[in-house]
Each structure stands twice: as structure tokens, then as C-alpha cells.
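Engineer: Quick one, fold the following:
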Amino acid sequence: MNSKLFAVYFLFLFLNLSSLNSQNLDSFEYIYVNSNAGQSSGGHSAIKFGNWVYHFQYYPDKIFHLVRDPWFDFRYTYNVMENRSLLLTKVHPSNGAAKKLERGFNSFYIVQEKHLSNLNLLQREIEFQELLQKHRVQFFKIKSLGYFSENNFNSNSYKRIKDKIDLRLGKNYLLKSQNEITNFMLASNNETWELNTNKITSKSFYSLAELSHEKYERTIQQLSLLTILDKSIGLKKTSLVYFPKTKELQPTESELSRYKIFLDHMEERLIYQLESKDQNTEWAADCLATLAIYLVVYQSIQEKTFIFLDTLPNNEEKVKWQVENQALKIAIDSFPLFSNFRKEIFNESQDILIQDFIELQDSANRWVEIKQATSLNRAIRNTANRTLPHKEGEAWISIPSIYNSQELKPSIAKLKSDYEKYNSRLREIYPYHLIFQNCTSEIFVKISDIFENDTVKIKNDLGKDIDPKTSFSFVPFYSSYDVRKNYKALASSEILSYRTKYVRQREENEKKWWISYQEDFVPSSSIYSFNENDHLFLFFTDDTIILRPIYGFANLSLGLVQTLFGIPFTVFDKGNQFMAGLDGMLFSMPELIFFNIRKGSFYKTSISELEEDFPNYKTEPFRE
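Structural biologist: Residues are numbered from 1 along each chain as shown. Purely as a prediction, here's the structure:
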């Protein structure tokens, strides 16, 4: 995407997402997340505006990321899977400061995302030019081309579309457009540009000049689209997701009728995108996605079965579910999600929109992927983002090269240097420090930045200027106390950790004195089962104080046994058992002095097991 347009897109995204929360926003919530083992031992902090939660995390790229999560995702991760209690303090500032803060945090987030996107563009440009240098540019992956097969032709599915193109755009439209695009490509010159690291800041966008791989990808997309339309090229079977042919999973006659109406809308959408291509440099990518959806819906109607595009990216996180129970629970979660979307989008009172179909397709992909992966005992492709029809593929058409191979070597060297400079600069403007720039202190630093360090204004609107450099507010639990005491706080509420809430509910319902003892003892717990994310331990100590040192001594002893047991196996497991035992001992020691860190984790908990008062994932906004 053109860098200037990309900046406009981010600005548009910022304004729209900001308006989602800001319309009626008059308060925010400061969240303290209590500790757990591992990197969570110090606790965590976040700030919540409406349904969005902003918090800082230190990533392996050594850049301190501002993360924006839907409230459902945040609570499910920290409160359920990581079994940590949340303390929420509701703050009602004056003079519309809540809206101002929300816009400020969103602006910081969007600017950082733009920087990270620039870094990815530079990396992709290096990959592109290295392929050019090796005369292997045909292997450069092009977005949205992964669905089409040059060896599969389907004239029937294209008849109505091509008739409309001839009628609305002219009979020679496809050939004429191909010639125009090729001539424009040959006449184009690459922009020369210099990276100015002084202009890379955490408060403003930095736009790169359009890179050569962006021009190449756009041209290939345009020519490929026109070729696909001209030759009536069909979809790759390997790029499709087929539903099992059981009665309950097949579309009804009513649903097929709704699909036919949706097909008419997609035809109009495609023609409109072609008609307005002069106003949109990304028109070909949009058309390829629209055409792929049109063809898969057409095929579904013809075969009277649900078929979807495979939208799960191969280069994203792959999860290996070792425990059959866990995979089964995830499959149980994902199918109702598809069923719910199916009921909603085929509602006869409204037309199917493309975003409805994308949500249906996303849920279908996840359910089928889990079923196939578990049956074949392979890793599950997974991503936290909503999946879109952007599967990459290699181009089967070629264009004359406008690149001088003699210039590529110094160009690649410059690109690699620019990439390192940009990366180093991001580490400078987004640094992490355990005490002075951590997940808690950075929230208050950003609040000061939003108010332009006007301490008088901060005191008037919030109640106090909390400075983590001159107080203990860099410590998560103390910062929560400071906010409750000194901000214009309305109320505080605690969301108990997943296990604690379960134990208390069981005690209240069954009224038996021994329930807490049963649940504290790991082997007899009715809710906890050991998983590879936890150290070996015998007792939970988070809900008891008097018995904590005794339980802690038992946990310490088990850690010692595991450590000693791991010594002779170090040669075989690279010291994994030995180090796991040491970690278990480390997090057991505070329990000897009445202090708890370890809570255990519940990564196997499915959405279907959540309480009714849990935030509804269907009402939460998707990550963009």
C-alpha cells in the first residue's frame, strides 16, 4: 500500500475506533492484575476505556509494545487462563478528560502500529530485492492470489460477471486495461529516499516512500485479476474449506436462496470496484478478495454444501495440543460460534453483508482446522486476529523487469542498514526498564504526555499527577492504591480469579467444611489439571494464609525432588527438568513467609465453561 495512503488509513482507523468508545465515555477503569508465576510475578497494570483495554508488554523484538485488546480477550487471558484476580478502579475525571485520554492512548497505539508496519515493509522489500537478484522473483508471494489456479477454468461461474463487465465497462475493457497497466509499469521510476531517524518519534507517523515490492505486487495483482476474469480461472481446491456432508451441516433451501441474493450483491460490488479503480490504488486486491468470495459462494450453491475460503495464515502461530481433552474443548467452543453466526446472517429480515460472511467464514475455518488438526495429530494454525481472504500465492504471469541488477547489491545493503537503524530507533523510543519504564509506570507517563505534562490540568481533571519516578507507583499493586486514593475514583470492584471464584461458589452451594482443603490439594482438585505451562506443585496457597508456610514447604520439597531427579537426565532433556525444578522452588520460597505468587493456570478452560456474567465475545469489537 502506498505509504501516504497507509497513513491516511491509520488516521481513519484511529478516528473511527476512537469514536466507538468516545461518544458516551465519561469514565475509565484502572486495572491491577495480581501476580502469578513466571514473567507475571510482579503483577500487571492496564487502563480500560469502554470495551478496549490498553496495556504494555515487552516483546522478544526488544520493543515495549502498547497492546490494545478487547475486554473479553483481556479478561479471558488474565482472569481465566492465567487465574489472576483483577481489581478495577472506576475513575470519573472532569472536563471530558476520559475522552481525551482514550483518544491519546489510541493515538499512541496507532502510531506505534504504523512504525511496526514500516519495519515489516522494509523486511519485505529486502526479501523482494534478494529474489530479484537471484532471478527468482516468481517466488515472491502476492496477497490474495493463493485462491486461484491457472489450470482450473470455470466459464459457467463467470458468465453473469462477464456479461455485466461487457455491458457496463465495454467489451474490450479487460484487454485495454491490461495494456494500460503494463505501459504504466514500464514508465514508472523508483523513488529515491533517505531514512531520517530523527523524525521517527512515538508521537507522529513516519511515512516511507513507496517501495518497489509494493509497486510490483500491485501490478501483478492488477494483471492477474484481469487475466483471471478474461480466462474464467477457478479456485484451487487446496485453498478451500469443505464442511462435512452431514444433514445438520448442509445449507437449507432457505439459506441457499439467501446465498443467491448475496451473490447478486457481490456481482454489483465487483463491478463497482472495477468502475472506481482510478480512485483506489488497491482496487485489484479488493477485487481479488471479492471475486474469491463470489466464486466460493457460487460453488456452495451449485454443490448445495458449505464451502469456504481457507483464510488461516500459514505463517502465524501454530499450537500443538498434546492433550486430547483440550482440543475437544476448543472444538466444542468453535462450533457454536459458527452456528450462532449462521443463524444471524441467514435471518430473512436483513440482507447478508460481506462482513457477515467474513465472520461466518472465520468461525468455519477455525472449527474445521481444529477437527482436521486433531484427527491428523498435527499443529493447529491459529491467529488472534479476524481472518480475511488474503491468502498469498505465487504469480503465474510475468512482467518485464524495470530493475537494474547492477544496482541491487548496494540497494539491498542500504535496505538492511535502514532496517537496523529503524529497529534500533524503535527500541530507543519504546524502551523497557524493570523499574523506571515498566507496564505500570508507562501508563502514567502516557497520561502526562496526553496532558502535555501540565500538572495543574492533570490535578484539576484527575485529582493528582501520579509520577512513578518520585513514588512507588511503578509497582502495580501500589499504583492501584494510589489511583484509588488520589484520582477521582467512584468505586472499586474485584473480579476473583477463576479458581477462587469456583471454590467459593462450591463452598456456598455444598456447605461442606473440607471443600477448600480438597481444592487446595492439586491431586484432589476438581477444577485443576496439570498442564505444561505450570511448575510441579502440591498445594494452591493463594486462598489461605495460616497454612501457606506449611503448603509452601511441601511445594518447595517437591521442587527439590524434581531438581535432583533432573540432574541425571540433563544430558537427554537439555536440563529442562532441572530448570523446571529450580523455578518451582523459586516460586515456593515466598510462601514460607506468607507471600503468594503462584496461582496455577487454566489454559484448558473453554468459553462454554465461563459464567453467564462474563463479557459476551459477540459484542466485543474485532481486532483490526
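
Engineer: In the stretch 251-400 of the chain, where is pLDDT below threshold?
Structural biologist: For the stretch 251-400 of the chain, the stretches flagged by pLDDT under 70 are 315-334, 384, 400.

Engineer: can you map out the strands along it?
Structural biologist: Secondary structure of the stretch 251-400 of the chain (DSSP state E, counting those that start in this stretch): strands at 307-309, 318-319, 380-381, 393-394.

Engineer: what is the mean pLDDT for the helix ranked longest in the chain?
Structural biologist: Longest helix in the chain by number of residues (criterion: DSSP state H): helix 97-133. What helix 97-133 shows for mean pLDDT is 95.

Engineer: try stretch 214-232
Structural biologist: 92.

Engineer: Can you point out the buried residues in that stretch?
Structural biologist: 214-230, 232 (16 or more other C-beta atoms under 10 Å). Any C-beta I mention is one placed from the backbone N, CA and C, and that applies to glycine too.

Engineer: Go ahead and measure how far that stretch is from the middle of the chain.
Structural biologist: Chain-centre distance of stretch 214-232: 29 Å, with C-alpha atoms, centre = their mean, to the nearest Å.

Engineer: can you offset everything so residue one is 706?
Structural biologist: Sounds good: first residue 706 from here, last item stretch 919-937.

Engineer: Output it in CSV, but only the C-alpha positions, please.
Structural biologist: What follows is stretch 919-937 as a C-alpha-only set of coordinates in CSV (Å, rounded to 0.1, in the frame of the first residue of the first chain):
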residue,chain,number,x,y,z
GLU,A,919,4.6,-2.6,-3.4
LYS,A,920,4.5,-1.4,-7.0
TYR,A,921,5.4,-4.9,-8.2
GLU,A,922,2.7,-6.6,-6.0
ARG,A,923,0.1,-4.1,-7.1
THR,A,924,0.9,-4.5,-10.8
ILE,A,925,0.9,-8.3,-10.5
GLN,A,926,-2.5,-8.2,-8.7
GLN,A,927,-4.0,-6.0,-11.4
LEU,A,928,-2.7,-8.1,-14.3
SER,A,929,-3.6,-11.3,-12.6
LEU,A,930,-7.1,-10.1,-11.9
LEU,A,931,-7.7,-9.1,-15.5
THR,A,932,-6.3,-12.5,-16.7
ILE,A,933,-8.5,-14.4,-14.2
LEU,A,934,-11.6,-12.6,-15.4
ASP,A,935,-10.6,-12.9,-19.1
LYS,A,936,-9.9,-16.7,-18.9
SER,A,937,-12.5,-17.5,-16.3
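
Engineer: tell me which residues of the longest helix of the chain are tucked away?
Structural biologist: Here helix 802-838 shows 802-824, 826-827, 829-831, 833-835, 837 as buried, counting by 16+ other C-beta under 10 Å.

Engineer: next one: stretch 763-778
Structural biologist: In stretch 763-778, counting by 16+ other C-beta under 10 Å, buried: 763, 768, 769, 770, 771, 772, 773, 774, 775, 776, 777, 778.

Engineer: In three-state terms, label the fourth one for me.
Structural biologist: In this case it means residue 770. The local conformation at residue 770, judged by DSSP: H, G, I helix; E, B strand; the rest coil, is strand.

Engineer: Now do residue 1271 against residue 1281, distance only.
Structural biologist: 7 Å (C-beta to C-beta, to the nearest Å).

Engineer: Who has more neighbours out of those two?
Structural biologist: Of the pair residue 1271 and residue 1281, residue 1271 is the one with more neighbours under other C-beta atoms under 10 Å, namely 18 against 12.

Engineer: Does anything pack onto the longest helix of the chain? Which helices or strands?
Structural biologist: For helix 802-838, the elements it packs on are helix 708-727, strand 733-738, strand 749-754, strand 757-763, strand 769-775, helix 917-936, helix 1110-1134, helix 1146-1155, judged by 3 or more C-beta pairs under 8 Å, 6 or more residues apart in numbering; DSSP states H and E.

Engineer: Next SSE downstream of that helix?
Structural biologist: Counting by DSSP states H and E, the next helix or strand C-terminal to helix 802-838 is strand 846-847.

Engineer: on that earlier part again, how far is the longest helix of the chain from where the chain is centred?
Structural biologist: With C-alpha atoms, centre = their mean as the basis, the mean position of helix 802-838 lies at 14 Å from the chain mean.

Engineer: for stretch 938-951, same thing?
Structural biologist: 26 Å.

Engineer: ok, residues contacting that stretch?
Structural biologist: 851-855, 857-859, 862, 932, 954-955, 997, 1000-1001, 1004, 1010-1015, 1069-1070, 1073-1074, 1096 (C-beta atoms under 8 Å, 6 or more residues apart in numbering).

Engineer: and that stretch, which residues are buried?
Structural biologist: Buried residues in stretch 938-951 (16+ other C-beta under 10 Å): 938, 939, 940, 941, 944, 945, 946, 948.

Engineer: Stretch 1086-1095 too?
Structural biologist: In stretch 1086-1095, counting by 16+ other C-beta under 10 Å, buried: 1086, 1087, 1088, 1092, 1094, 1095.

Engineer: Kindly indicate which of the residues you listed lies nearest residue 1043.
Structural biologist: Of all those, residue 1092 has the smallest distance to residue 1043: 13.1 Å, by C-beta to C-beta.

Engineer: what about residue 826, distance to residue 914?
Structural biologist: 10 Å.

Engineer: cool, and residue 1046?
Structural biologist: Residue 1046 is 41 Å from residue 914, by C-beta to C-beta.

Engineer: Between those two, which is the more surrounded one?
Structural biologist: residue 1046 (20 against 15).

Engineer: number of nearby residues for residue 739?
Structural biologist: Residue 739 has 23 nearby residues by other C-beta under 10 Å.

Engineer: Would you mind measuring from it to residue 783?
Structural biologist: 9 Å.

Engineer: Now for those two: what residues contact both?
Structural biologist: 789, 791.

Engineer: so where's the stretch 1206-1329 of the chain shaky on pLDDT?
Structural biologist: 1312-1314, 1317-1329.

Engineer: What segments of it are helices?
Structural biologist: Counting by DSSP state H, counting those that start in this stretch, the segments of the stretch 1206-1329 of the chain that form helices are 1220-1225, 1253-1271, 1275-1278, 1281-1293.

Engineer: Sort out which residues of stretch 1051-1059 are buried, please.
Structural biologist: Result for stretch 1051-1059 [16+ other C-beta under 10 Å]: buried residues 1051, 1057.

Engineer: and that stretch, C-alpha only, in PDB?
Structural biologist: Taking Å, rounded to 0.1, in the frame of the first residue of the first chain, the C-alpha atoms of stretch 1051-1059 are listed here in PDB:
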ATOM      1  CA  PHE A1051     -29.300 -16.100   7.300                       C
ATOM      2  CA  ASN A1052     -32.000 -14.100   9.100                       C
ATOM      3  CA  GLU A1053     -34.600 -13.300   6.400                       C
ATOM      4  CA  SER A1054     -35.300  -9.900   7.800                       C
ATOM      5  CA  GLN A1055     -32.000  -8.500   6.500                       C
ATOM      6  CA  ASP A1056     -29.500  -8.900   3.600                       C
ATOM      7  CA  ILE A1057     -26.200 -10.800   4.100                       C
ATOM      8  CA  LEU A1058     -23.400  -8.200   4.200                       C
ATOM      9  CA  ILE A1059     -19.800  -9.000   3.300                       C
END
